[in-house]
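the sequence and its predicted three-dimensional model are supplied below.
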Amino acid sequence: QVQLVESGGGLVQPGGSLRLSCAASGFTLDYYAISWFRQAPGKEREGVSCISSSDGSTYYADSVKGRFTISRDNAKNTVYLQMNSLKPEDTAVYYCATRARRTCSSPPRYWGQGTQVTVSS
């Protein structure tokens, strides 16, 4: 059974940090590019970051560039999103998703259930 499980969300003050994890089971994460998306209340889902499995290239939305870092640990079949200098506008449900192939240009395929991140004082 293919499954992605996110964890690490929570409540954090502005300027704080969180690390999200996306653990895969039922398949090998290394075969796919992995993306993080987020969806805030009343807004459309947006892409936050992606890491390819072909050459390890990483991509970030302009809104998170320089603050978020995506990484993967193939031995643990897990992808991470380190989020620093968090802002209230980062509040959203964060989802990880595999891409259909090794590159970030391919469409999303499998989705996790999401983890809530709330940035508030």
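Received, thanks.

how near is Glu44 to Ala92?
11 Å (C-beta to C-beta, to the nearest Å). C-betas here are computed from N, CA, C, even on glycine.

which one's more surrounded, these two?
When Glu44 and Ala92 are compared for neighbours, Ala92 comes out ahead with 22 against 6, by other C-beta atoms under 10 Å.

list the residues that contact that one.
Residues near Ala92 by C-beta atoms under 8 Å, 6 or more residues apart in numbering: 38-40, 43, 116-117.

next one: Gln1
25-26 are the contacts of Gln1 under C-beta under 8 Å, 6+ apart.

which parts of the host helix or strand of Ser49 are buried?
Assigned by DSSP states H and E, Ser49 belongs to strand 46-51. Of the residues in strand 46-51, 48-51 count as buried by neighbour count, 16 or more other C-beta atoms under 10 Å.
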